[in-house]
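# sequence-free structure coming up:
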């Protein structure tokens, strides 16, 4: 069985290991910004391709409570308090307009998305229409380069059973930890005759609200599992005036908010190990031009052309 590294003892979001590679699909402009300016574009979480981004974990947690908390009154008390505390934290508060279109407000987070897959047709189509570039990075050097910013990173989890198991393990860990602190009534949490004090329930809710909010950053529905995403999540930029306003880019006539996340200047070079050119970008000068650009930036790395056989 593979030894999996997790975010921590309570939150089982898998991490990559030293030596693994991550891939970023982007446009020519994206390549230029990353290489020349040593910065990555991080998109606001509620403008990513999953419209339920950062909200879905609450649904999974609700299904978990329905499955495992057999005392109906306790289940209702627990989830009502949990949802209220999650809303108070302000990380994944859904707001819906009159048309039913939902987004999040409160503390904004921004995401730089990578994949564990190189030369993947789904990702080429989604992010570049097969005309862009797939950049290969060393995982550990990325982590080191982002270390000067406060951030979380991990593998996106798509399987609902794995999501529910992770939340259940966290809930059990919370109960054990609080029990060791003297809140012994929580040991009967899953029993029909459970009698949990308000003080114990509040403590448990406060712990689990943070756990669910973190998991929310790494849960997506199974529709997206073909992406095999590994993401870096950043808080908004704070300056002396407070939270800085994001910039906006245009995609198919839509305004998308983003921030730029600068790579640590102390690292001598961006940890880019290869560039693959999209299959539709098959002009003989596409590969040559990229090689020339990279050399101008002091990078002597392989530049390949995608071998996905497209007719048009």
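Received the coordinates, thanks. Note that this is a predicted model, so its numbers are computed, not measured.

# quick check: residue 25 is in a strand.
Yes: assignment of residue 25 by DSSP: H, G, I helix; E, B strand; the rest coil places it within a strand.

# helix or strand for the residue lying closest to it once chain neighbours are set aside, which one?
If the residues on either side of it in the chain are set aside, residue 25 comes closest to residue 127, at 4.0 Å by CB to CB, 6 or more residues apart in numbering. C-beta: built from backbone N, CA, C; applies to glycine. Element membership for residue 127, per DSSP states H and E: helix 121-128.

# buried sites along that helix?
Of the residues in helix 121-128, those with enough neighbours to count as buried (16 or more other CB atoms under 10 Å) are 123-124, 127-128.

# okay, now residue 62: neighbour count?
Each residue near residue 62 was counted by other CB atoms under 10 Å, and the total is 14.

# would you agree it falls within a helix?
Yes: with three-state DSSP as the criterion, residue 62 is located in a helix.

# in which helix or strand would I find the nearest residue to it once chain neighbours are set aside?
If you skip the residues right next to it in sequence, residue 62 has residue 79 as its closest partner in space, 6.0 Å away by CB to CB, 6+ apart. Taking DSSP H and E as the definition, one finds residue 79 inside helix 72-89.

# residue 195 too?
With DSSP H and E as the test, residue 195 turns up in no helix or strand.

# likewise residue 201?
helix 198-216.

# relative orientation of that helix and helix 72-89 in degrees?
60 degrees (axes from the mean of the first three to the mean of the last three CA atoms, to 10 degrees).

# which helix in this protein runs the most residues?
Once the chain is assigned using DSSP state H, the helix that runs over the most residues is helix 160-180.

# tell me which helix or strand comes right after the helix holding residue 127.
Counting by DSSP H and E, what follows helix 121-128 is strand 133-138.

# and that following strand, what other elements does it pack with?
In this structure, strand 133-138 makes packing contacts with strand 21-26, helix 28-37, strand 272-277, judged by 3 or more CB pairs under 8 Å, 6 or more residues apart in numbering; DSSP states H and E.
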